[in-house]
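Could you work out the structure for the sequence below:
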Amino acid sequence: MNLRSREGFTLIELMIVVAIIGLLAAVAIPQYGNLLEKANLGASLGNLASLRSAVSIYYGSNMGYPVTIDPTKQAKMGEIITGDMPYVKAHYPQGVNSPYGNSITAVAVSGQVPGSMGTGWFYCNVDGMVYINSIANDIKGNSYTIY
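From the prediction side, this is the model:
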């Protein structure tokens, strides 16, 4: 039996295939993480729009803004939101400065916007504005306060 007539792959061919798969994985995994964070940002912006709508509905019904948007402390907001307080789902930047959460920072100064890298939501009960409570930049490089 001739050794050259055997069918199959050589070790070098297999190593080349493994190296190519490794390179593809090295490129694809970070892109997957960015894709997830963009989805989290989109969900956060959707939740922000829902909260702003809830505040508008409250204002239309009560001719004033609620003291807080927390549905556990403001029963009428709980009726409008119908469920738990939505989350800021964005995790960028990772670590301590991430805005992820559903806590509420309420202020009573007109025109005030977030001034630190907090978490959750920022609510001004004088003018009814709701923001993501962070001055950090999102995955696209925009400050969370511009939304």
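
any weak-confidence spans in the protein?
1-5 (pLDDT under 70).

max-length helix in it?
Counting residues, the longest helix in the chain under DSSP state H turns out to be helix 11-62.

Heading C-terminal from it, find the next helix or strand.
Sequence order places helix 75-81 as the next helix or strand after helix 11-62, per DSSP states H and E.

Which strands and helices lie in contact with that following helix?
Here helix 75-81 touches helix 11-62, going by 3 or more C-beta pairs under 8 Å, 6 or more residues apart in numbering; DSSP states H and E. For the C-beta atoms, the positions are set from N, CA and C on the backbone; glycine is no exception.

What is the helix it packs on packed up against?
helix 75-81, strand 117-124, strand 129-134.

Contact partners for W121?
Residues near W121 by C-beta atoms under 8 Å, 6 or more residues apart in numbering: 48, 51, 69, 85, 88, 102-105, 130-133.

top of these by neighbour count?
V88 (28 neighbours; other C-beta atoms under 10 Å).

Isn't that one up against I132?
Yes - judged on C-beta atoms under 8 Å, V88 makes contact with I132 at a distance of 5.4 Å.

follow-up on the earlier one: relative to Y144, which of the contacts of W121 is nearest.
Lowest distance from Y144 to those (C-beta to C-beta) belongs to I132, with 4.1 Å.
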